[in-house]
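Novice: could you look at this predicted model? Sequence included:
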Amino acid sequence: MKKRSITIQLENGLEARPIAILVQTASQYESSIYIETGDKKVNAKSIMGMMTLILQTGDTITVSADGRDEDAALEGIEKYLSGK
């Protein structure tokens, strides 16, 4: 399992559409992927779970990935959330 702190740099934070894209991005990977902020930890492949986090631009989250493609998963999620 690997973890990485990522600061959200999407212009409008994580509203419904960006959350849907994040879930699609996470679902491309075999690894289990979780997003943590404060005392909440949710499955990044769950649109309903992600909606509960209410994340804004500038928020820092911890992304953890566990599985065969965990490095690629972390890279993909970070690339998306950094707006690159």
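Specialist: Happy to help now that I have it. Numbering: from 1, shown residues only.
Novice: wait, Asp71 touches Lys2, no?
Specialist: Yes. Assessed by CB atoms under 8 Å, Asp71 is found in contact with Lys2 at 6.9 Å. All C-beta spots, glycine's among them, are computed from the backbone N, C-alpha and C.
Novice: quick one: Gly58 from Leu14, how far?
Specialist: Look at Gly58 and Leu14: by CB to CB, to the nearest Å, they are 11 Å apart.
Novice: need the overlap of contacts for Asp71 and Lys2.
Specialist: Ala65 (CB atoms under 8 Å, 6 or more residues apart in numbering).
Novice: any residues in contact with both of Gly58 and Leu14?
Specialist: Common neighbours of Gly58 and Leu14 (CB under 8 Å, 6+ apart) are Ile8.
Novice: the more surrounded of these two?
Specialist: Leu14 (23 against 9; other CB atoms under 10 Å).
Novice: need the pLDDT of the more buried one.
Specialist: On the pLDDT scale, Leu14 is placed at 86.
Novice: I'd say it and Leu22 touch.
Specialist: Yes. If you go by CB under 8 Å, Leu14 and Leu22 touch, sitting 6.8 Å apart.
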